[in-house]
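>>> Need the 3D shape of this:
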Amino acid sequence: MEALVDGWARGGGGCSGTDADTDAVAVAAGPDAVTAGPGADAVAAGHGADAVAAGRGADAVVAGPGADADLSGRTGWTPVNSPTVWDRSTPSSRTDPAPEAAPPTYPAPPPGATAGSPLPPPGVAAGPPAQAPGATPAPPTAVTPFPPPPLLGVGVALPGPLDHTRGVLHRVTGFAEWDGFPLRDALGERLGVPVAVDKDTNAAALGLAVAGERGSFAYLHLGTGLGAGLVIDGVVRRGARTAAGEFGHQVVQLDGPPCDCGDRGCVEALCLTAVSRGDLAEAARVLGIAAGNLVALLDIDLVLLGGRTVTSAPEVFLRGVGAVLDERARRAGEPPVPVRTVPGDIAEGAAQLVLAPLFGRADA
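The predicted structure is shown next:
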């Protein structure tokens, strides 16, 4: 995505490095949907991808390793060094679409002529062309397809912290240089369509709610960082400053390892330390303790687990988190809160940032 705003990078707000998670994507156009609701056209993100936008008809975008942004469809922009980004600094990487030719016009057929049949020469009666007995019928005349639908908007999901309301990034996990960058306005000005920006965990939680998850639940995402998307009574809760769900930065060990946020003993730091030494069972236990705090604080109905680290060993995390929650429920004399793993489709959730309000979910 930094290529899209290389002027910002030259001014000292650039970005380096890659995020191994699929942390972004966005798309809304046309009736053929890859998302839960109608309107999305095509969308995909891969290793290191941050944002994707697809446009006209069935255009698709796939961002691969190291990719930051890819725009196709109505924009006519094409990837650079396939399949990475459109780079503003490389004029040859932009291919402007050729102007659409005006549809051909033909004189109206005389009485008796059928649509698509040739006009008869002067003095010859109109009617279907003669055909020899046993001859193969001529194929039907091709019909010009309807023009593709317009791009409805772009949704971008990426790690927090950020300001969802204003579309401004803060010290995004792994990309601290983006602090203060107005991503929503920059993309909106460039693309000429509405843009919505949110945390990846909120987008994933929104996608799950739209897809049918009911009640109050927490989506916990463990990958290069640890965050949560919170849905209370069916509504995504972001807080006054989009700071709700900074789940990974609750301190559970006062003298624990330092965290990138400046504290010590944060759940994120403890989990990632355990993962780095290959102790996934310990990472799951710590995640379970933090999930138990969330259950006690918000009285949620369900805990959903996702993210690259969880999907690499789902049974380990289901067992570890479930054991902690079961023990907590036993002590409290309550039914245990169920735990499940889910895909946590951030791409679909990012598209729903645009689509859900258009289809009646004003709380999106």
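
>>> contacting residues for residue 329?
335, 336, 337 (C-beta atoms under 8 Å, 6 or more residues apart in numbering). Yep, even glycine has a C-beta here, placed from its N, CA and C like the rest.

>>> Tell me how many other residues crowd the first one.
I take that to be residue 335. 8 (other C-beta atoms under 10 Å).

>>> residues touching the closest residue in space to residue 294 that isn't next to it in sequence, list them.
Spatial nearest neighbour of residue 294, excluding adjacent residues (C-beta to C-beta, 6 or more residues apart in numbering): residue 218 at 5.5 Å. Residue 218 sits next to 228, 229, 230, 231, 247, 291, 294, 298, 300, 302, 303, 304 when contact means C-beta under 8 Å, 6+ apart.

>>> Can you tell me which helices and strands the host helix or strand of residue 282 packs against?
Secondary structure assigned from DSSP states H and E places residue 282 in helix 280-298. Where contact means 3 or more C-beta pairs under 8 Å, 6 or more residues apart in numbering; DSSP states H and E, helix 280-298 is packed against strand 217-222, strand 226-232, helix 267-276, strand 302-306, helix 314-332.

>>> so can I have JSON lines of these showing distance to residue 188?
Output for these, formatted as JSON lines (distance: least, C-beta to C-beta, whole Å):
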{"stretch": "strand 217-222", "distance to residue 188": "27"}
{"stretch": "strand 226-232", "distance to residue 188": "24"}
{"stretch": "helix 267-276", "distance to residue 188": "32"}
{"stretch": "strand 302-306", "distance to residue 188": "29"}
{"stretch": "helix 314-332", "distance to residue 188": "38"}
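
>>> could you dump the ones you listed to a markdown table with distance to residue 183 and mean pLDDT?
Shown next, in a markdown table, are the helices and strands packed on helix 280-298 (distance: least, C-beta to C-beta, whole Å; pLDDT from 0 to 100):
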| stretch | distance to residue 183 | mean pLDDT |
| --- | --- | --- |
| strand 217-222 | 20 | 97 |
| strand 226-232 | 18 | 95 |
| helix 267-276 | 23 | 96 |
| strand 302-306 | 24 | 97 |
| helix 314-332 | 31 | 97 |
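
>>> so which of these comes closest to residue 352?
strand 226-232 (12.1 Å; C-beta to C-beta).

>>> contacting residues around that closest one?
Contacts of strand 226-232 (C-beta under 8 Å, 6+ apart): 159-160, 199-206, 208-209, 213, 216-221, 236-237, 244-248, 267-268, 271-272, 287, 294, 298, 300, 307.

>>> now those: which count as buried?
Applying 16 or more other C-beta atoms under 10 Å to the contacts of strand 226-232, the neighbour count classes 159-160, 199-206, 208-209, 213, 216-221, 236-237, 244-248, 267-268, 271-272, 287, 294, 300, 307 as buried.

>>> all strands for this structure, in order.
28-29, 51-53, 69-71, 151-158, 162-163, 168-169, 195-199, 217-222, 226-232, 235-236, 302-306, 339-341 (DSSP state E).

>>> Could you report the distance from the closest residue to residue 257 other than its chain neighbours to residue 253?
Once flanking residues are discounted, residue 257 sits nearest to residue 269: 4.9 Å by C-beta to C-beta, 6+ apart. Note on residue 269: its distance to residue 253, by C-beta to C-beta, to the nearest Å, is 9 Å.

>>> And those two? Which one has more around it.
residue 269 (24 against 14).

>>> The more buried one touches residue 255, doesn't it?
No: using C-beta atoms under 8 Å, residue 269 makes no contact with residue 255, being 11.9 Å away.

>>> residue ranges with poor pLDDT in this structure?
Flagging of the chain using pLDDT under 70 yields the residue ranges 1-145, 362-364.

>>> ok, now which ones touch the residue nearest to residue 242 when sequence neighbours are not counted?
Nearest residue to residue 242, sequence neighbours excluded (C-beta to C-beta, 6+ apart): residue 164, at 4.2 Å. Residue 164 makes contact with 197, 198, 199, 202, 238, 242 under the criterion C-beta under 8 Å, 6+ apart.

>>> now do 10 Å
Residues near residue 164 by C-beta atoms under 10 Å, 6 or more residues apart in numbering: 184, 196-199, 202-203, 236, 238-239, 241-242, 353.

>>> Turn these into CSV, columns for distance to residue 280.
What follows is the contacts of residue 164, written out as CSV (distance: C-beta to C-beta, whole Å):
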residue, distance to residue 280
184, 37
196, 34
197, 32
198, 29
199, 25
202, 26
203, 26
236, 29
238, 30
239, 30
241, 33
242, 30
353, 32
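
>>> Buried residues, stretch 338-353. List them.
339, 341-342, 344-353.

>>> possible to save those as a markdown table with distance to residue 179?
What follows is these, written out as a markdown table (distance: C-beta to C-beta, whole Å):
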| residue | distance to residue 179 |
| --- | --- |
| 339 | 35 |
| 341 | 33 |
| 342 | 31 |
| 344 | 26 |
| 345 | 28 |
| 346 | 22 |
| 347 | 25 |
| 348 | 28 |
| 349 | 24 |
| 350 | 21 |
| 351 | 26 |
| 352 | 27 |
| 353 | 22 |
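
>>> which one of the residues you listed is nearest residue 174?
residue 346 (15.2 Å).

>>> I'd say the closest one and residue 203 touch.
Yes: using C-beta atoms under 10 Å, residue 346 is in contact with residue 203, at 5.4 Å.

>>> For stretch 276-296, list the C-alpha coordinates in CSV.
Provided in CSV are the C-alpha atoms of stretch 276-296 (Å, rounded to 0.1, in the frame of the first residue of the first chain):
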residue,chain,number,x,y,z
SER,A,276,8.8,-18.3,19.2
ARG,A,277,10.2,-21.2,21.2
GLY,A,278,7.7,-23.7,19.8
ASP,A,279,5.6,-24.1,22.9
LEU,A,280,2.1,-23.8,21.4
ALA,A,281,0.5,-25.4,24.5
GLU,A,282,1.8,-22.6,26.7
ALA,A,283,0.6,-20.0,24.2
ALA,A,284,-2.8,-21.6,24.2
ARG,A,285,-2.9,-21.6,28.1
VAL,A,286,-2.0,-17.9,28.2
LEU,A,287,-4.6,-17.1,25.5
GLY,A,288,-7.1,-19.1,27.6
ILE,A,289,-6.4,-17.0,30.7
ALA,A,290,-6.9,-13.8,28.7
ALA,A,291,-10.1,-15.2,27.2
GLY,A,292,-11.3,-16.0,30.7
ASN,A,293,-10.8,-12.3,31.7
LEU,A,294,-12.8,-11.3,28.7
VAL,A,295,-15.7,-13.7,29.6
ALA,A,296,-15.7,-12.4,33.2
